[in-house]
Structures are given as C-alpha cells and as structure tokens.
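*Asks:* Structure, please.
(2 chains)
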Protein chains: 2
Amino acid sequence: MTVTIGTSVPTATEASAQIRAGTLSPVELTETVLARIDRLDPIIESYVDVYAEDARAQALQAEAAVRRGDRLGPLHGIPVALKDLYDMASRPTLCGSAVRDGHCADEDSAVTSLLRAAGAILIGKTVTHEFAFGVVSAPTRNPWDINTIPGGSSGGSAAAMSAGLCLAAMGTDTGGSIRIPAGLTGLVGLKPTFGRVSKRGVAPLSWSLDHTGPITRTVADAALVFQSIAGYDPADPDAVDAPETDVLAGLDGGAAGLRIGVPTNFFFDAVTPEVGDAVHAALEVLAGAGATLVDVAVPDVELTAELVATIVGVEAALIHQEEMRSRSQDYTEDTRHRLAGGALIAGTAYVDALHRRRCVAAGLRAAMSDVDVLATPTLPVTAPPYGSAPGEVMPVLSRLTAPLNAAGLPALALPCGFGSNGLPISLQLVGRPFDEATVLRAGHAFQQRTDWHTKQPPLTN
Amino acid sequence: MTVTIGTSVPTATEASAQIRAGTLSPVELTETVLARIDRLDPIIESYVDVYAEDARAQALQAEAAVRRGDRLGPLHGIPVALKDLYDMASRPTLCGSAVRDGHCADEDSAVTSLLRAAGAILIGKTVTHEFAFGVVSAPTRNPWDINTIPGGSSGGSAAAMSAGLCLAAMGTDTGGSIRIPAGLTGLVGLKPTFGRVSKRGVAPLSWSLDHTGPITRTVADAALVFQSIAGYDPADPDAVDAPETDVLAGLDGGAAGLRIGVPTNFFFDAVTPEVGDAVHAALEVLAGAGATLVDVAVPDVELTAELVATIVGVEAALIHQEEMRSRSQDYTEDTRHRLAGGALIAGTAYVDALHRRRCVAAGLRAAMSDVDVLATPTLPVTAPPYGSAPGEVMPVLSRLTAPLNAAGLPALALPCGFGSNGLPISLQLVGRPFDEATVLRAGHAFQQRTDWHTKQPPLTN
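*Replies:* Here you go, the predicted model:
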C-alpha cells in the first residue's frame, strides 16, 4: 500500500499569515489535521492522545477572534503537538512509561502555557522513548519508510510533523533527541542554548543536559515557535537570564559575510559517504550565498559520548530513585537496566565527567572563536531499521548531536538531501551561546536556495 | 613561661604608608619579623618553611626601589606568608602531607604572582591541615592560649598572623578554613565571592567549594590584600568574569544607611551565650554607626553540613584518586579514611547534594533580598583544646561558615570580643555576590568604633 500524503498542510508561517489575512480558517485547518491523523496515525503511531474536542473548541475560539479583529498571537490558530513529557493541565503526562499510569498534571508546563498564549491549538501528545531515555520511540514509524525508525526520543513529534499531522511539535533534547528525529524524518529541529527556554513542567531525564525546543517543517517555522517560547523563567533553576533577541527580525539577513566553521576532525570521520557528500554540497550552497567556509579543529570533542552517558546515567538514576525502589517492574527492561546501572556510578566518576564536559565545551568555544557558525552533519547515517535495539543505535545516532548538549550551544538540524535509500540527510548548524538568531538566519538562507524542506514523505507500507 | 609579644609589628596598611613615606625600612621590618619567627615559632609552630635569605634579598630590593623613588605596589615591602597549598616557583608545596614529599613547584600560583607584583615579600609557607581536609592544623598552637588549637585548615597562617610573624597571610576556605582560624585567633579573614580570586596553582580540596583569600590584622588590611589579588583569571576554570570594584576607595564610607540582616534562625541557635552576647553587642555598635538592623529568616540553611560533606568527600576523593591507589599509606589515617569514604559516595548522592546546595543558595539570596549585609557569629564557640579530634571539632567549627561556601557569597570574619576564658569571639559579615566592597566597608566601620582588633595575644606556655 502506498498513500501519498500530498501537500495539503501549509507551514506554520504560511498558515499564520493566511489566518491573519482571513484566507485560512483555523477550524478548517484543525479539521484537516484531525482528518489526516485519523487516516494516517493508525500506520505512523505518532500520537499518544489526540485532544480532538478541545482542539475543535480552541479552533472555534481562534476563528471568532479573527472575525472580531482581536490582536492575534504569532501561533494563532496553528495546531501544535507536544511530546508526552510536557505537562498540560488536567491531562496525563505518561512519558511513554507504565510508571506514569494514572498520572494527571495539575498545571501547564511553562512552554505549554506560552504556546497557548501565542494562540496555538494544542492538538495532542506524541510518543516519546520511555522517559526520553533512548532514540527509538517505539512503536512510532518513520513516514519516509515505515520499516525504519523515526529516531528519538522525540520520535512521535517528528513522525507527526513529517506526516503532516500537526504544523509544529515540541521535543526535548538531552543528547540529540530533537535533532536526531528531525534529521531522520527530513525536518527542522532546534535545540536552543541551555537555559534559554524554560523546562518547568517538562519531565526531566538529566537536568544538566536537558533542553526544550521545536520540531518544524522549515527554519522560519522554528524561528516562529522559538520566538514564542524563549525567555527567562525564574521558576526554572536551570534558566539563564540572558538578553532576549528578535530572531524573526533578522531571519532574512542571508548568509553573506557569515564565517562558517567546518570541522577537520571527528564530525566527518564516521559518516557514510553519501552523508558527507550531501553536507559538503550544502556547505557549497551556503558559500554560494556569500558565506566563507573556514576549516576548524574541535579539540576534545571525542570525550563526549562517555561523559554524557555518565552524567545522564547518574542524573536519571536520581530522578527515578523513588520509583525504582517502589515499582521498578513498571519500567521496560531496557530502561530499568540503565537506571539501575546509573545508580551504581560513583560520585567521583560523575565529577570527572563534569570536568571532561568542561574540556568539550572549551574545545567548541575554541573552535568557534573565529567563526559565527559551525556546520556538521546531524547524523552519521540515515534512519535505521524498525526494531533496532536501543542500545545499538544510541551511540551512532547521538555521536554528532551530544557534543552540543555537553557545551549547551544552540544547534539546528535541517534537511540537506537524501540517501540512495530515499531517506533524509541532515545538516547541523551550531551557534555561539544565546546566538540562536545567527543559526536560524544561516539555516533560513539555506532553505531560500534549496527545496529539500518542501519534499513530502511517501507513506509506504 | 609568659612571653609578651608586644606591638612591634605594624598593620599592613600602616607599614605600607610608612614605607612609602620613607619612615619604615623594608629591611628593618623584615628583620623584625624574622627575629620574631626565630623567637616565637618554636612555640607556635606556624611555619613549615621560612625563606629568610630570599626575604632579605627581596627586602633589600624593596628598600632600593623606595630610595630610587620607583612607583610602588600596594604591598611594597610587606612580609606576607602563604599557606602551604599555594605554589611558589622552585619551592615545595607540601600541603601538610607526606604524600607531597619531594614536591617542587614549577611556577608561582596566580595569587603568589599577584602578591609579588604588588611588592609583597614572600616570607614563608605556613602549616595547613593535611590537604586542607580538616580544621585542626596540627602541630600549630593558638597564640591566645597554646593549649588550644588555632583552627584550620589555614591554622598556620592565622597563628603566624596572630603572633606577629608576618603582616598578612593567605589562606584557603572550603567550609570555613579562612574564617574559622581567623575567628579563633582574633583576626580578620575574608572569603571572597566564589570565582573572584584565582585558584590557579593552589592545591584543591573541593573545586566547587574552594576559595582563596587573606587573613589579616584589620579589615583595612584585608581590603588592601584583596585589592591586590582579585580579578578574573581565564586560566582558572572556576573564575568568574565579574566587574572589578575598588574596595579601598569606598572603605571609609561608614555604616550609615546600611541595612544589616540578623538571622532569626539557625545562626544563633547553637552558639554559647557569650558568643551570642558579643555578636549582639557588635550589632549594636553597627546600629550606633547608623546601620539598620533587620530580622531575617534564612530558609534551608540547615541543609548545609550534610551537602558540603558529600560534595567535599566526592571531589576530594577524585582529586586524590591516583595517590590513594599508589601510596595511600602516606596519608594520615584520618585523611585516608575520609578519602576512602568519599570514593564510596554514589553519583546520585552527589547530584542530590548539588540540588540541596541550590536550595541553600536560594535561601540566602531570599534572606538578603532586602538587606545589604547579613551578620552572624563566625563560630559557635571559642578555640577548642589542643589535641581535639578532627572529626569532632569539624561540624561545630564549620557550622556557621560553610553555608557561605555552599552559596559562594563573600564573607568576612572579624574580632568582636572575648570569652570568659580570654579567647577571641568573631563576627561574620556576609555580602551579596561580588559585593566584597560593602562587607569590607561595614567591617571597617565596626573597627573604627572598636578596638578588639588591636588586642595582642599573651603567649602563655
């Protein structure tokens, strides 16, 4: 069976403009999305729960507001999905785990609340790898080839976006969990700077590495969502009170004059030839737009995998300490083993990992001292087969994304080609701390000159 | 035997002015200090090593510079002692441990080098509790009563200062190791804000809690030394690039208009009545100088002791991991047991301690939200008996100082009275982050109205 998804769902930026202009009805848009979910999600399995009635009610209100000529938020009438780690008042946050059976959130997460304030229609919750501790997101399938995985842990959000089952989706990213699924499904994923977007009300995996951010069709859409959710939250202990920037204002600034660093070590070492070729071709596009490519070394980046595993292991073990004592049998075997292993890691090993993390951060700082942006592949490979063992795909898929969690730098994944198997290949653009604006500007310039982001997945059974 | 030390050693501030004016010879000052060391240090045992010949050579150079009319540093010609954790080029840094036998430093610590640049004469190295992991500083005796301890871990620096065997001394402070011995020996001790003074080249005990700072006779002297050593050091990974302030410029600003918070919980709960009375009397002095006393609650401060023990235990165990594997027999039994214990602490317990540390820091931030300075006793008691067991005195002596290590806030100890046993009692003034200036101004205002800091210890055998 082959189902062609078609192009019936606009980008969030297009929809926002059309809703403002009165040429697109939020009610019709929501009904279209709900109908696509009905038709396609039985195959994709990207949603945990769809709030159809609530979404319809919000759409009616959104439409009435347009008719009244109310001042509209930037996401007014746009259906947005939340990874099922984000709290929504009076709804369960199940985190992909039987441990959360019977859960019900008291209030919205900070991001949920900011999305509501921006006018978004919160259409449902998407599949996450259990407590975000993996990159498979079973049972969700990759719309580009349902015999492959969408990656994770924000696999449901990416698969839903890729299949046109929402217009933007929220993910979380501890070692790559926004960028990995975005990369495997031909989408844009933005991991903002650590501390830039609130994590209040989002189930943690690893406090010091977790980030919240959007998965979207285009870079412009990522900028639109980021602008709606970024900002200092004194109630989030990891939040940083950095100056806010208007990423939309500078989005059309182009790539002319940008200095783009291209790593001479690590980031291209273990990628397939067609991934390397596609990323180098993308760099030529940016050079053609006036950017200067600069070879840079990235010292100590190879320390990342082990230190991130140690930090996540320890922090996740502490987060789940009580549940592991009282109901360990409710975790899947894989997660239970990882949490039990994390509890055995010594404090000295954790502190040693923090020190190596400083080395990785300093190495990336040095690499970026003379460039505006660093460009790398997002992933060494295209989507692995459905049924892949979590422990096997984790080190491969997170290899190129996790260094930016260790360093807390903003990082954007965006599509830049296809493998011979027809599966998406992804470019990663990395910025300086709190300089999401430049990363988004560079990514948008790339998408102005290419059409990879307009490709739609054939849904093949 | 009673030896009266007398008043033959001026304060650093007095000496600095007299040397500039040509009325005090650096050579004579150095010889006076060396003679006092010869006479008194066999009793006090505060110095590990005295660099008499080097000091004499530096003093001759200092004198020549005065005669030439050279531009002089703020500590020109002033004999200063270093705790034996500070590296000095071509000298051993023994850290009070047989583990360091045969050590020789390649270069000066950052502070050593800044003191030299300020014109200080580096007269010798002082006793530290082994690797700063305790508050006893055997074999050093307290000049106020040689049957008591000077405290620690900077006990040698405090005892040397108290007996007039130098004009300023450097200490380190992880849970109170500058303020505790300063308090027990009637001196001033300043723990600056975390990250304000470089720790490069100073043997660490616990990276995230260690601070470097001075022990002096007066608050003005502490300001003089602080001004010479404060500043961002990019080579110290814990350094913070905060705006520099001229603490000397505002030192005479007085206490009028200052809002001084007086804790209603914890800080006065477990102190002896005469400590409480002396500190309250000191507060009345500040009120008499125009300060407003404000009762404040300090939430969560009682969490400190356990979290600091966990953090120090883990970090010290990592720092000493290699030596504990290769030559554990060279540590004293007490230190060996503590390091072995630290290596057994789980990563989850360490991260949990970091979280409780955030609570303590937030509690102190809340307590200081409406005041300029917080005032507390430095210590619950006066100096314990010589021979006290390290494990017994540690929790008592560090109870009121360690919260400021957890929070990283600037804290100043200064003498404010005597117990019925004739031993010094100490006031602690705490400031907002990087606001050493206000703490020093308040402390100086207190010393302008009192004479506790002018009292000299009778050296009783």
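
*Asks:* close enough to count as contact, residue A:363 and residue A:299?
*Replies:* Yes - look at residue A:363 against residue A:299 with CB atoms under 8 Å: they come within range, at 3.8 Å. Where C-beta positions appear, they are placed from N, C-alpha and C, glycine not excepted.

*Asks:* Which one's more surrounded, these two?
*Replies:* Neighbours per residue (other CB atoms under 10 Å in any protein chain shown) separate residue A:363 from residue A:299, with residue A:363 holding more: 23 against 16.

*Asks:* Now do the same contact list for the more buried one.
*Replies:* A:298, A:299, A:300, A:301 (CB atoms under 8 Å, 6 or more residues apart in numbering or on different chains).

*Asks:* Pick the one among those residues closest to chain B.
*Replies:* residue A:300 (13.5 Å; CB to the nearest CB).

*Asks:* for the closest one, what are its contacts?
*Replies:* Contacts of residue A:300 by CB under 8 Å, 6+ apart are A:356, A:359, A:360, A:362, A:363.

*Asks:* if we go to 7 Å?
*Replies:* Residues near residue A:300 by CB atoms under 7 Å, 6 or more residues apart in numbering or on different chains: A:359, A:360, A:363.

*Asks:* Please apply the same query to residue A:450.
*Replies:* residue A:285.

*Asks:* do the same with residue A:380
*Replies:* So residue A:380 contacts A:270, A:271, A:272, A:275, A:396, A:399, A:400 (CB under 7 Å, 6+ apart).

*Asks:* burial count for the residue in the stretch 151-300 of chain A that chain B sits nearest to?
*Replies:* For the stretch 151-300 of chain A and chain B, the shortest gap (CB to the nearest CB) falls at residue A:237, measuring 5.9 Å. If you count neighbours by other CB under 10 Å, residue A:237 ends up with 14.

*Asks:* sec struct for it, please.
*Replies:* Assigned with DSSP: H, G, I helix; E, B strand; the rest coil, residue A:237 falls in the coil class.

*Asks:* hang on, it packs against residue B:359?
*Replies:* No - with contact defined as CB atoms under 7 Å, residue A:237 does not reach residue B:359; the gap is 9.6 Å.

*Asks:* Could you list the low-confidence segments of the stretch 351-461 of chain A?
*Replies:* Applying pLDDT under 70 to the stretch 351-461 of chain A picks out residues A:460-461.

*Asks:* who in it is up against chain B?
*Replies:* Contact residues, the stretch 351-461 of chain A versus chain B (CB under 7 Å from any CB of the partner chain): A:351, A:352, A:358.

*Asks:* got a winner among those for most neighbours?
*Replies:* If you count neighbours using other CB under 10 Å, the busiest of those is residue A:351, which has 21 neighbours.

*Asks:* distance between the helix or strand containing that one and the chain's centre?
*Replies:* Residue A:351 is located in helix A:347-367, with elements delineated by DSSP states H and E. Computed by CA atoms, centre = their mean, to the nearest Å, the chain-centroid distance of helix A:347-367 equals 24 Å.

*Asks:* So which residues on chain A come close to chain B?
*Replies:* So chain A meets chain B at A:237, A:314-315, A:317-318, A:321, A:343, A:345-352, A:358 (CB under 7 Å from any CB).

*Asks:* Buried residues of the helix holding residue A:351, list them for me.
*Replies:* A:347-354, A:356-361, A:363-364, A:367 (16 or more other CB atoms under 10 Å in any protein chain shown).

*Asks:* swap in stretch A:330-344?
*Replies:* A:331, A:332, A:334, A:335, A:336, A:338, A:339, A:342, A:343.

*Asks:* check contacts around the first one.
*Replies:* Taking CB under 7 Å, 6+ apart as the contact definition, residue A:331 lies against A:97, A:99, A:339.

*Asks:* hang on, the earlier thing: got the residues of the stretch 351-461 of chain A next to chain B as a markdown table, with distance to residue A:248 columns?
*Replies:* Shown next, in a markdown table, are these (distance: CB to CB, whole Å):
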| residue | distance to residue A:248 |
| --- | --- |
| A:351 | 41 |
| A:352 | 42 |
| A:358 | 34 |
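
*Asks:* Tell me the one among the residues you listed nearest to residue A:79.
*Replies:* residue A:358 (41.6 Å; CB to CB).

*Asks:* What is the burial count for residue A:422?
*Replies:* Look at residue A:422: counted by other CB under 10 Å, it has 13 neighbours.

*Asks:* got the contact list for the closest residue to residue A:135 other than its chain neighbours?
*Replies:* Leaving aside its sequence neighbours, residue A:135 sits nearest to residue A:152 (CB to CB, 6 or more residues apart in numbering or on different chains; 4.4 Å). Applying CB under 7 Å, 6+ apart, we find residue A:152 in contact with A:128, A:129, A:134, A:135, A:136, A:137, A:177, A:180, A:181.

*Asks:* tell me which of those is nearest to residue B:445?
*Replies:* residue A:177 (55.2 Å).

*Asks:* Let me know whether that closest one touches residue A:151 as I believe.
*Replies:* No - the pair residue A:177 / residue A:151 is not scored as a contact, 8.3 Å apart, by CB under 7 Å.

*Asks:* Strands along the stretch 201-350 of chain A, start to end?
*Replies:* A:212-216, A:259-263, A:292-296 (DSSP state E, counting those that start in this stretch).

*Asks:* Output the contacting helices and strands for the first one.
*Replies:* Spelled out, it's strand A:212-216. Here strand A:212-216 touches helix A:155-162, strand A:168-172, strand A:188-191, helix A:219-229, going by 3 or more CB pairs under 7 Å, 6 or more residues apart in numbering or on different chains; DSSP states H and E.

*Asks:* quick one: strands adjacent to it?
*Replies:* Here strand A:212-216 is paired, per DSSP bridges, with strand A:168-172 (antiparallel), strand A:188-191 (antiparallel).

*Asks:* and residue A:117, how many residues sit next to it?
*Replies:* 14.

*Asks:* Please name the residues that touch it.
*Replies:* residue A:73.

*Asks:* coming back round to it: for the contacts of residue A:331, which one is nearest chain B?
*Replies:* Using CB to the nearest CB, the contacts of residue A:331 come closest to chain B at residue A:339, 10.2 Å.

*Asks:* how about the closest one, what does it touch?
*Replies:* Residue A:339 touches A:316, A:317, A:320, A:324, A:331, counting by CB under 7 Å, 6+ apart.

*Asks:* For chain A, which helix or strand comes out least confident on mean pLDDT?
*Replies:* Every helix and strand of chain A was ranked by mean pLDDT, DSSP states H and E. The lowest is strand A:2-4, at a mean of 45.

*Asks:* so what's the residue nearest to residue A:344 when sequence neighbours are not counted bridging to?
*Replies:* Spatial nearest neighbour of residue A:344, excluding adjacent residues (CB to CB, 6+ apart): residue B:346 at 7.5 Å. Beta-bridge partners for residue B:346, by DSSP bridges, are residue A:346.

*Asks:* Verify the contact between residue B:346 and residue A:350 for me.
*Replies:* No - using CB under 7 Å, residue B:346 is not in contact with residue A:350; the gap is 8.7 Å.

*Asks:* Name the residue closest to the centre of chain A, please.
*Replies:* Nearest to the geometric centre of chain A sits residue A:178, at 2.3 Å (CA atoms, centre = their mean).

*Asks:* so how far is residue A:408 from that one?
*Replies:* 14 Å (CB to CB, to the nearest Å).

*Asks:* can you check residue A:182 too?
*Replies:* In terms of CB to CB, residue A:182 sits 19 Å off from residue A:408.

*Asks:* All the helices of the stretch 351-461 of chain A, in order from the start?
*Replies:* Here the stretch 351-461 of chain A has its helices, by DSSP state H, counting those that start in this stretch, at A:390-398, A:402-407, A:436-449.

*Asks:* Per-residue pLDDT of the nearest residue in space to residue A:24 that is not next to it in sequence, please?
*Replies:* Of all residues not flanking residue A:24 in the chain, residue A:18 sits nearest, at 3.5 Å (CB to CB, 6+ apart). In this model, residue A:18 is scored at 97, pLDDT.
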